[in-house]
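Asker: Using only what follows, build the 3D model:
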Amino acid sequence: MDTPSVVLFVWLFVLITTIASAEIQPNDCARAAKYSESKRGTAMLVLQNGRTVFEHYARGAVPEGRWPIFSGTKNFWGLAALCAVRDGLFKLDDPVAETIAEWKGDPRKSRITIRQLLNFTDGIDGASYLHRSSIPNRDAAALQVQSVAEPGTRFIYGPSHLQIFVELLRRKLGGRSPTLYIEEKVLRPLGLGAMEFKADRRGNPLAASGFELTAREWARLGELVLGHGSYKGRNIASGSLLQEAVTGSAANPAYGLTFWLNNQAPAGNEIDIEKELDLTWERAQWQGVCICRSAPADMVVGLGSGYQRLFVIPSLNAIIVRQGQDARFSDAQFLRLVLGRR
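Answerer: Residues are numbered from 1 along each chain as shown. Coordinates of the predicted model:
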């Protein structure tokens, strides 16, 4: 065999080996499903290269059964924000006070940008009480939440930021319902139709939580990410705008515009995101952390309480959905099992 033939043979061998090693194996998924179910997991779905690699439901669960995704709801409002940018309603770095005029006299709030609302670095307190159904007007209450840090300096998790965004969107729409906007621009193009919102007495939707989806329905959001903003040929958000959503901030490199990121892997310190969020914002540490060192750094995550997860891995062209009831669970261990990495 001449030298060029040898080189070609070696190149093909390396290429085939690389492709094979990137394929997610059903046996590995089965081990991950066993682990997930031992932690009260109810559903697991793995898609790669547009086909189903693995699908499993615990006893009593069915593929058609919708399940709360809790804070996974935030991603859909993040996409609605990108649609609004595309539609020319605002730019991400516009000051919020241009629309929320009552903030103009506040030395901190007057400097907050829409981007900071969406990546939770606006300095506004998280205000977890906004989840309560007893609040008659969540939007008005959110506008009154106090600023506790300089804009852009700290990551503070909570419902206040997106609730303020909902009010901003309502005003940009000239009073038209943000619920109708997200249905038209995001939910219907994803084939989800009208969703149930946790609305207050004024009809304002809770943006931080509330959606219930089947594993396959939630995976559609992953398909949009893999499709650079398109789903089944329908453009929902441009690729350049979607890139903004998967770019972290200086205050928290592991969080973009409503999406969690694994971009500090493989060197990052693996943490349990939910446990970190249980800490006060002053104590939480977001520098040099990751969800799983063994997972690719380009992994994007939709995350809901009780370990509801949507993992999207562009470099593997893969989507992994895990749903379950609240129990101790390790994202890192689960992902290592799915990906066949020890």
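Asker: can you give me the strands in the stretch 101-250 of the chain?
Answerer: Ranges of strands in the stretch 101-250 of the chain, per DSSP state E, counting those that start in this stretch, are 212-213, 230-231, 234-235.
Asker: Out of these, the one nearest Tyr129 is which?
Answerer: For those, proximity to Tyr129 was assessed by Cβ to Cβ; strand 212-213 is nearest, at 22.6 Å. In this view, the C-beta of every residue, glycine as well, is placed from N, C-alpha and C.
Asker: Let me know the pLDDT of Ala20.
Answerer: In this prediction, Ala20 carries a pLDDT score of 42.
Asker: most packed of the strands of the stretch 101-250 of the chain?
Answerer: Of all these, strand 212-213 has the most neighbours on average by mean count of other Cβ atoms under 10 Å, namely a mean of 20.
Asker: Tell me where the model's unsure across the chain.
Answerer: The chain contains residues with pLDDT under 70 at 1-21.
Asker: which outside residues touch stretch 183-201?
Answerer: Stretch 183-201 has contacts (Cβ atoms under 8 Å, 6 or more residues apart in numbering) with 76, 79-80, 83-84, 87, 133, 135-138, 179, 205-206, 209-213, 217, 220-221, 224, 231-232, 234, 236.
Asker: Buried ones among these?
Answerer: Among the contacts of stretch 183-201, the ones that count as buried by 16 or more other Cβ atoms under 10 Å are 76, 79-80, 83-84, 135, 138, 179, 205-206, 209-211, 213, 217, 220-221, 224, 231, 236.
Asker: Give the closest residue to Thr179 in space, chain neighbours not counted.
Answerer: If the residues on either side of it in the chain are set aside, Thr179 comes closest to Pro205, at 5.1 Å by Cβ to Cβ, 6 or more residues apart in numbering.
Asker: Run through the bridge partners of that neighbour.
Answerer: Pro205 has these beta-bridge partners by DSSP bridges: Ala199.
Asker: Could you pull up the contacting residues of Thr247?
Answerer: Contacts here follow Cβ under 8 Å, 6+ apart; on that basis Thr247 touches Gly256, Leu257.
Asker: quick one: it from Glu282, how far?
Answerer: 25 Å (Cβ to Cβ, to the nearest Å).
Asker: Just give me the neighbour total for Ala22.
Answerer: For Ala22, the count of nearby residues is 16 (other Cβ atoms under 10 Å).
Asker: Same question for the one 4 residues further on.
Answerer: Using other Cβ under 10 Å, the number of residues around Pro26 comes to 13.
Asker: Quick check: it touching Glu55?
Answerer: No: taking contacts as Cβ atoms under 8 Å, Pro26 lies outside contact range of Glu55: 10.0 Å.
Asker: any idea what sits nearest Leu79, other than its immediate chain neighbours?
Answerer: Distance criterion Cβ to Cβ, 6+ apart; nearest residue to Leu79, sequence neighbours excluded, is Val186 at 4.9 Å.
Asker: if we can go back for a sec, of the strands of the stretch 101-250 of the chain, which is nearest Ile273?
Answerer: The closest of those to Ile273 is strand 212-213. By Cβ to Cβ, the value is 19.8 Å.
Asker: What strand or helix carries Phe76?
Answerer: helix 73-86 (DSSP states H and E).
Asker: For that helix, which helices and strands make contact with it?
Answerer: Secondary-structure packing of helix 73-86 (3 or more Cβ pairs under 8 Å, 6 or more residues apart in numbering; DSSP states H and E): helix 114-118, helix 160-172, helix 178-182, helix 215-226, helix 239-245.
Asker: hmm, try it at 6 Å
Answerer: Counting contacts by 3 or more Cβ pairs under 6 Å, 6 or more residues apart in numbering; DSSP states H and E, helix 73-86 packs against helix 239-245.
Asker: helices and strands around the helix it packs on, which ones?
Answerer: Packing contacts for helix 239-245, counted by 3+ Cβ pairs under 6 Å, 6+ apart, involve helix 73-86.
Asker: Tell me which residues are up against the helix it packs on.
Answerer: Here helix 73-86 makes contact (Cβ atoms under 6 Å, 6 or more residues apart in numbering) with 118, 162, 182, 185-186, 207, 209-211, 237, 241, 245, 257-258, 302.
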